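>>> here's my sequence, what's the structure:
(one chain, ligands or ions: 1)
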Amino acid sequence: MVKVAPSVLSANFAELKKDLDMIKACGADWIHYDVMDGHFVPNISFGYSILKDISKVTDMYLDVHLMISHPMKYVDEFIKAGASLITFHVEAMANETSTRELIQHIQNQGIHVGLSIKPTTQVDEIEKYLDDVDLVLVMSVEPGFGGQSFQHQAIDKIRKLHSLKNGRHFIIEVDGGINAETGLLCKEAGVDVLVAGSYVFQADNCQKAIDSLK
Ligand SMILES: O=C(CO)[C@@H](O)[C@H](O)COP(=O)(O)O
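Have a look, this model is predicted:
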């Protein structure tokens, strides 16, 4: 069964604890925490202080997605704040050496590490890291905003990643425009984790929404 990770970007920030409790009660597996810096993506969300507060009030797995330039500069703060997994973008890295250093650095702190690709980045560009990461995040929208439409080229990328698993331990996550219909296409292609923002948080019944994804 796929895991469902609601993206708190679509939560009501004035009622965050209530929303976190609600998604847990509705069957969410992980909390997806989108960090945006207004530089790597054209939007600003939240940083590590809010993650620290969240980690004090939930026991859920904290899936942190860094959509920021210079992730190495800030990663330790997110680890200290309680991240279970930190995913960064290959497009934010200067070269292979710095990408490998950051993967190693995150793993050395005893948490999971993920690598993400934007819609225009091909799987070939991260194939060399697949032995070393715990998760690959396929963006199915241009990162920056919730509520966008799913871009179908993500399906081929998921299928390709699935075929590259071959005994490797990484899992595949997809993020952007996920609903029951697009989630099913991703599931058929071999995805392991569905990130869903508006589909879960704007649902009249979040349990039904999460069940429909699973
Ligand atoms: O990271 C992002 C957007 O950059 C996503 O996590 C969105 O927050 C997902 O929202 P929906 O497309 O599901 O509404």
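
>>> only C-alpha atoms from now on, for both contacts and neighbour counts.
Fine.

>>> beta partners of the most centrally placed residue in the chain?
By CA atoms, centre = their mean, the chain has its centre lying nearest to residue 65, at 4.9 Å. Listed beta-bridge partners, residue 65: residue 34, residue 87 (assigned using DSSP bridges).

>>> where do the helices sit along the chain?
Using DSSP state H, the helices of the chain run over 16-25, 48-57, 71-80, 96-108, 153-164, 180-189, 198-201, 206-213.

>>> between those, which one is closest to the ligand.
helix 198-201 (3.8 Å; CA to the nearest ligand atom).

>>> can you give the contact residues for that closest one?
By CA atoms under 8 Å, 6 or more residues apart in numbering, the list of residues contacting helix 198-201 from outside reads 6, 10-11, 146-147, 178-179, 206, 209-210.

>>> pull out the buried members of those residues.
Taking 16 or more other CA atoms under 10 Å as the criterion, what is buried in the contacts of helix 198-201 is 6, 10-11, 146, 178-179, 206, 209-210.

>>> the residue nearest to the centre of the chain and residue 37 touch, don't they?
No: contact criterion CA atoms under 8 Å: residue 65 and residue 37 do not qualify, at 11.6 Å.

>>> returning to what we had before: the contacts of helix 198-201: which ones sit near the ligand?
The residues of the contacts of helix 198-201 that also fall near the ligand, by CA under 6 Å from any ligand atom, are 146-147, 178.

>>> pick the one among the residues you listed closest to residue 112.
Using CA to CA, residue 178 comes nearest to residue 112 of those, at 23.4 Å.

>>> how much space between that closest one and residue 87?
Distance, residue 178 to residue 87, using CA to CA, to the nearest Å: 19 Å.

>>> which residues are in contact with residue 177?
So residue 177 contacts 140-141, 146-151, 196 (CA under 8 Å, 6+ apart).

>>> okay if I get the residues you listed as TSV plus pLDDT?
Formatted as TSV, the contacts of residue 177 follow (pLDDT from 0 to 100):
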residue	pLDDT
140	98
141	98
146	96
147	97
148	98
149	98
150	98
151	98
196	98
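
>>> mind giving me the ChimeraX command for buried ones among those?
The following ChimeraX line selects those of those that are buried, judged by 16+ other CA under 10 Å:
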select :140,141,146,150,151,196
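
>>> enumerate every residue touching residue 154.
Contact partners of residue 154, counting by CA under 8 Å, 6+ apart, are 119, 138-140, 174.

>>> top of the residues you listed by neighbour count?
Among the contacts of residue 154, residue 174 has the most neighbours (other CA atoms under 10 Å), with 28 neighbours.

>>> sweet, I'm off.
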